[in-house]
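>>> Fold the stuff below for me.
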Amino acid sequence: MRTKMAGEAGETPAPRNFSLFMQKKAKFPPGWDEERVRKVLAHYENQSEEEALAEDEAAFEHAKETTMEVPIELVPAVRELLAKSRD
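Numbers count the residues shown, from 1 in each chain. So this is what the prediction gives:
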């Protein structure tokens, strides 16, 4: 799923002083810092729709997992079945 790119309708404007915002608000996981976040943002913000689609499709080519919707009342039973299959 793609998010809106800079300049697209509905875009949330970035704070004026992004660096200050990142220092005050962001708590990065181990191995991440502002520079790494900026690189990842730049990668996705500069990606064409075709490149994004190719990346998304490649991610699912060799998938060993899936996602599905399950009625809430069946979640406990599904979890139990999954737990049994791992044993």
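
>>> immediately after the helix or strand hosting L53, which helix or strand?
Here L53, judged by DSSP states H and E, is contained in helix 49-61. Using DSSP H and E, the helix or strand that follows helix 49-61 in sequence is helix 75-86.

>>> Tell me the spacing between S48 and A42.
To A42, S48 is 14 Å away according to C-beta to C-beta, to the nearest Å. Every C-beta, even on glycine, is put in place using the N, C-alpha and C of the backbone.

>>> ignore the last one, P29
19 Å.

>>> low pLDDT regions in the chain?
1-25 (pLDDT under 70).

>>> Mind doing that once more with 90?
1-28, 34, 59-67, 85-87 (pLDDT under 90).

>>> Can you tell me the SS state at G31?
Under DSSP: H, G, I helix; E, B strand; the rest coil, G31 falls in the coil class.

>>> what about it, how many neighbours?
6 (other C-beta atoms under 10 Å).

>>> what's the answer for R38, then?
By other C-beta under 10 Å, 13 other residues sit near R38.

>>> residues in contact with it?
By C-beta atoms under 8 Å, 6 or more residues apart in numbering, the contact list for R38 is empty.

>>> tell me which element it is part of?
With DSSP H and E as the test, R38 turns up in helix 34-45.

>>> what about that helix, distance to the chain center?
Centroid separation for helix 34-45 versus its chain: 13 Å, with C-alpha atoms, centre = their mean, to the nearest Å.
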